[in-house]
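Peer 1: only geometry, no sequence info:
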């Protein structure tokens, strides 16, 4: 930069004969421009926060539900699934360069919980996968934490939906946690989790937020953008801007909590004897809509909400046309009040 400024100074002297003060001012301006340019080059991440994408709550709900409900249906299993998975073309979208995640202080209670949850995810999802496959699973957990469509903690991501009919990571609700892990694979998974929490990034899967084993074909595989296959897992990202790096703006919430797990339920799930109880709505005689906790009525009142099957429609009188009746009632009440006052005065005078 010094050589550049010296050359510019000599050129100005030779061509314009500028005074020393003018030359100093021009050099200062040029130096400021060069410093600013160097600062921008030295900070390639500068515009990421400014370029972050925000979502409406409705949009986030749609993103979060892309692998739930009917979309969670398994269309094929086994060899047929592997063949059909291979036929799904890669999206061609860029594989995003994700930021490092190293915000949980090592040695803290939060780190201990986060490390255990992430180790569980890597072990139970990819214990026998190659190292890249293990790292890819850890990257998906980190990506979900940073995406606003998911919980913003490691354990929150791993245990999302654990007490719902469908959980995000099946090992948390199918009884697998009751099986004692194998020592070697557990240690390997713990190492991968430690590296991920220290900022390691798996570039093969970029901004992936979903994956599934290649021997199953879920319906949602056709609605998300396929990235690549790593080991026996197929990885996907959200299509469009929702899957781009600028969308991953969420920060860690500072807390790592494992939800309550029913051991009895896990044992039933592990043995295949668990049956989800379906609670049937209780109808009140004479009412064709199901009572709800938000209904505001007395316990003996079977109304509460409008029963549209009775062809009844709410009718609110026009306040303009009702003004005359209101004035008449007010006038009558005023006359009655005056008469009452007169009677009171007469009685007082008599006494």
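Peer 2: Right, received. Where do you want to start? These numbers were taken from a predicted model, which means no experiment stands behind them. Numbers count the residues shown, from 1 in each chain.

Peer 1: helices of this protein, residue ranges please.
Peer 2: Taking DSSP state H, the helices of the chain run over residues 2-16, 20-41, 57-64, 79-87, 109-126, 131-146, 154-158, 183-197, 263-271, 323-350.

Peer 1: other residues contacting the fifth one?
Peer 2: The list of residues contacting helix 109-126 from outside it, by Cβ atoms under 8 Å, 6 or more residues apart in numbering, reads 104-105, 133-134, 136-138, 141, 153-155, 158-159, 169, 171-172, 176-177, 181, 185-186, 189-190, 192-194, 196-197, 231, 233, 254-258. Quick note: C-beta positions are derived from backbone N, CA and C, even for glycine.

Peer 1: number of residues surrounding the closest residue to residue 169 other than its chain neighbours?
Peer 2: Excluding its sequence neighbours, the residue lying closest to residue 169 (Cβ to Cβ, 6 or more residues apart in numbering) is residue 158, at 5.6 Å. Close neighbours of residue 158, defined as other Cβ atoms under 10 Å, add up to 29.

Peer 1: still on that earlier bit, could you turn the buried ones of the contacts of helix 109-126 into a PyMOL selection?
Peer 2: Buried members of these, identified by 16 or more other Cβ atoms under 10 Å, are gathered into one PyMOL selection as follows:
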select buried, resi 104+133+134+136+137+138+141+153+154+155+158+159+169+171+172+176+177+181+185+186+189+190+192+193+194+196+197+231+233+256
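
Peer 1: could you point out which residue ranges in the chain have low pLDDT?
Peer 2: Within the chain, the set of residues satisfying pLDDT under 70 comprises 1-52, 273-326, 329-330, 332-351.

Peer 1: care to break it down by domain?
Peer 2: Described in terms of automatic domain parsing, the domain architecture of the chain consists of the residue ranges 2-41, 57-271.

Peer 1: how long is the longest one from one end to the other?
Peer 2: Spelled out, that is domain 57-271. End-to-end distance of domain 57-271: 39 Å, with Cα to Cα, to the nearest Å as the criterion.

Peer 1: re the thing from before, I'd like the domains of the chain as CSV, with distance to residue 331 appended.
Peer 2: As requested, these are arranged in CSV below (distance: least, Cβ to Cβ, whole Å):
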stretch, distance to residue 331
domain 2-41, 78
domain 57-271, 51
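
Peer 1: buried deepest among these, which one?
Peer 2: Of those, the one with the most neighbours on average (mean count of other Cβ atoms under 10 Å) is domain 57-271, at a mean of 18.

Peer 1: contacts only, for residue 195.
Peer 2: Contacts for residue 195 (Cβ under 8 Å, 6+ apart) come out as 135, 138.

Peer 1: next one: residue 68 from residue 174, what distance?
Peer 2: Computed as Cβ to Cβ, to the nearest Å, the residue 68 to residue 174 distance reads 17 Å.

Peer 1: for residue 255, which non-adjacent residue is closest in space?
Peer 2: For residue 255, the nearest residue in space outside its immediate sequence neighbours is residue 153; the separation is 6.1 Å by Cβ to Cβ, 6+ apart.

Peer 1: these two touch, right, that neighbour and residue 251?
Peer 2: No - at 10.4 Å, residue 153 and residue 251 do not qualify as touching, with contact defined as Cβ atoms under 8 Å.

Peer 1: show me the contacts for residue 189.
Peer 2: Residue 189 sits in contact with 119, 120, 122, 123, 126, 127, 134, where contact means Cβ under 8 Å, 6+ apart.

Peer 1: wait, I meant residue 148
Peer 2: Taking Cβ under 8 Å, 6+ apart as the definition of contact, the neighbours of residue 148 are 55, 60, 247, 249, 250.

Peer 1: so how far is residue 103 from the last one?
Peer 2: When distance is defined by Cβ to Cβ, residue 250 is 12 Å away from residue 103.

Peer 1: what of residue 179?
Peer 2: In this view, residue 179 and residue 103 are 32 Å apart by Cβ to Cβ.

Peer 1: swap in residue 228?
Peer 2: Between residue 228 and residue 103 the distance, using Cβ to Cβ, works out to 27 Å.

Peer 1: which residues touch residue 158?
Peer 2: In this structure, residue 158 makes contact with 117, 118, 120, 121, 141, 168, 169, 172, judged by Cβ under 8 Å, 6+ apart.

Peer 1: my bad, should have said residue 247
Peer 2: 52, 53, 55, 147, 148, 207, 238, 241.

Peer 1: from those residues, pick the one nearest residue 73.
Peer 2: Minimum separation from residue 73 among those (Cβ to Cβ) is found for residue 238, which lies at 19.7 Å.
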